[in-house]
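Colleague: sharing a sequence plus its predicted fold:
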Amino acid sequence: MFARVFLILALLAQPAFAHAPVFDLNKTAKTAEAPFIVEDPEHSKAIFSELTGAAHYYRIDAPEAFDFYVGMTAPKLDACGLQQTFSFDVLNADMKRIDGRDGSTFKWWEWYEEFGKNWYWVGPEIGKDFLSTTRYAAGTYYIRIFNKENTGKYVLAVGDDERFGPAEIFRAVTSMGKINRTFWNNADCS
């Protein structure tokens with residue numbers, strides 16, 4: 001109970017660089033035909049998921065121009081080096097590539113996230129230092145996450161507007177235990 005109260009106070013006291021966690025491990029297929037819908041794309045979110053043989057797709061439907069941020073991270077396990085890298089493409093409504101980053105050629109670096117108390121490998125981003133540097137016009141966009149094998153646990157960060165209302169705080173507190181057990185399991189080091 002004390003840990004939950006501490007997490008809530010920490011989120012309220014210092015919201016910078018804390019993306020609201022979304023645990024979506026195999027709950028949705030995330031295919032091109034049925035992508036994961038990213039609502040309110042400026043609102044920061046960290047979507048925890050795992051590639052299991054196919055690329056994942058995320059869709060943004062923006063009725064007006066918006067600040068665009070996307071970045072890739074992966075859990076950093078104590079006993080392991082960087083297990084896998086992840087790349088992403090940004091596609092327009094016609095599924096044509098308009099931008100993207102190659103995680104296999106990017107120099108991933110270690111980063112400690114204060115609020116979740118976990119280490120990450122930080123990969124490529126469209127933005128700088130977890131913040132948006134790009135504005136996209138209104139429209140529909142897709143983000144495709146992939147690597148050579150289309151396998152591995154990743155965290156997709158979208159948006160940079162840090163807002164933590166009661167619902168986000170409740171979700172963070174209730175989901176972080178499961179996220180930690182699933183994503184920071186040293187038994188995954190092979």
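Modeller: All right, it came through fine.

Colleague: and for Tyr154, nearest residue in space, chain neighbours not counted?
Modeller: Using CB to CB, 6 or more residues apart in numbering and skipping residues adjacent in sequence, the residue nearest Tyr154 is Phe86, 4.7 Å away. For glycine as for every other residue, the C-beta is placed from the backbone atoms N, C-alpha and C.

Colleague: contacts only, for the spatially most central residue of the chain.
Modeller: In the chain, the residue lying closest to the centroid (CA atoms, centre = their mean) is Leu156, at 1.9 Å. Residues near Leu156 by CB atoms under 8 Å, 6 or more residues apart in numbering: 46-47, 49, 58, 70-72, 88, 143, 145.

Colleague: and what of Val90?
Modeller: Going by CB under 8 Å, 6+ apart, Val90 touches 70, 97-100, 126, 141-143.

Colleague: in a markdown table: the contacts of Leu156, plus pLDDT, neighbour count and secondary structure.
Modeller: Putting the contacts of Leu156 into a markdown table (pLDDT from 0 to 100; neighbours: other CB atoms under 10 Å; DSSP: H, G, I helix; E, B strand; the rest coil) gives the following:
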| residue | pLDDT | neighbour count | secondary structure |
| --- | --- | --- | --- |
| Ala46 | 88 | 22 | strand |
| Ile47 | 90 | 22 | strand |
| Ser49 | 91 | 23 | strand |
| Tyr58 | 96 | 24 | strand |
| Val70 | 97 | 27 | strand |
| Gly71 | 97 | 23 | strand |
| Met72 | 97 | 25 | strand |
| Phe88 | 98 | 27 | strand |
| Ile143 | 98 | 26 | strand |
| Ile145 | 98 | 24 | strand |
